[in-house]
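Enquirer: After the sequence you'll find the predicted model.
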Amino acid sequence: MSAHLRLRSEQWREREAHHRALADELTADHRARAARRQKHPVEDFLFTYYSYKPSVLRRWHPGAGVVLEDAATTPRSRWRGYVPTHPEGSLVVDADLYRAQRGAMLANVVRILRATAGRAPSYGCFGMHEWAMLYREPRPRHDLPLRLGAARTDAVVERHDLRCTHFDAYRFFTPDAAPRNRATLTRETSPEQPGCLHAGMDLYKWAVKAGPLVPGELLLDTFRHARAIRALDMQASPYDLREWGYAPVAVETPEGKAEYVRRQREFAEAGTVLRARLLDAIGV
């Protein structure tokens, strides 16, 4: 283990406080709704699908090899991956130790990140996964109105070639929709690719799983990326979210398809940068 940077107590505490303030800002609406026992069909998704509480975002890490002076008497001393170091009273994230403790999990994260980065992006799905989750299903997954109604929603699915490449989306396809997908997906064989919106959202999940190896700034960046993707994901869905302030991206039309692909490409480009940063932080 080698340390590359040393932060005085006032320096790292200032960074930590700034990080927590940003995290609180990002989760304020969700926490307020939770206190009122209200739900939001778009913005609460990242806290339910990934099951990470807002407190996860508040935990700031400097990343591996950064010495935090005068940190040994703080609760951080009990966090996984941190060890005492010089000068006396300091802590540092020991990447080798954390990798030894979480080796199998980190190896899987790195495998998925590298495999996704190594594939060419695909932009021909047009967000049909949300439509396939409703195909010939009498009860929608969400308590929301459909823009086109059930019969026309089914007709849109039947007019499209389903090209989903993400297992965690595919596994929610209805029994009638799953056979219409180009490939039968499993968790082990799902061909993750950079153009997939869900692969982009998952960067937040991988950042959380990598724990103290991931600097706080990168964690928040992956969360912002996932939140923005979720908005497009639902805008392009069969649901009518105009009451919630989300204009539809009508992917059943040529204009909607063009907008979806344009934004999908932007997310893929941003995701490529975040994926590289995650691999660099994990360092395996």
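Expert: Nice, thanks for sending it over.
Enquirer: what about L213, distance to D176?
Expert: When distance is defined by CB to CB, to the nearest Å, L213 is 43 Å away from D176. (C-beta placed from N, C-alpha, C; glycine too.)
Enquirer: quick one: which of those two has more around it?
Expert: Shown here are L213 and D176; by other CB atoms under 10 Å, L213 has more neighbours (25 against 13).
Enquirer: That one contacts L278, correct?
Expert: No. Using CB atoms under 8 Å, L213 makes no contact with L278, being 9.1 Å away.
Enquirer: how about the helices of the protein, start to end?
Expert: With DSSP state H as the criterion, the chain has helices at 9-36, 45-49, 54-58, 95-101, 103-117, 128-132, 149-159, 167-170, 197-209, 216-235, 254-282.
Enquirer: Using CSV, list the CA coordinates for the fourth one.
Expert: The C-alpha coordinates for helix 95-101 follow below in CSV (Å, rounded to 0.1, in the frame of the first residue of the first chain):
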residue,chain,number,x,y,z
ALA,A,95,-6.9,-1.0,-0.9
ASP,A,96,-5.1,-4.3,-0.6
LEU,A,97,-6.9,-5.1,2.6
TYR,A,98,-10.3,-4.1,1.3
ARG,A,99,-9.7,-6.2,-1.9
ALA,A,100,-8.8,-9.2,0.3
GLN,A,101,-11.9,-8.8,2.4
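Enquirer: what pLDDT, on average, does it get?
Expert: Helix 95-101 carries an average pLDDT of 91.
Enquirer: Make 18 the first number, not 1, from now on.
Expert: Understood, numbering begins at 18; the last thing we discussed is helix 112-118.
Enquirer: Now do that helix: distance to the chain's middle.
Expert: How far helix 112-118 lies from its chain's middle: 24 Å, per CA atoms, centre = their mean, to the nearest Å.
Enquirer: Lovely, talk soon.
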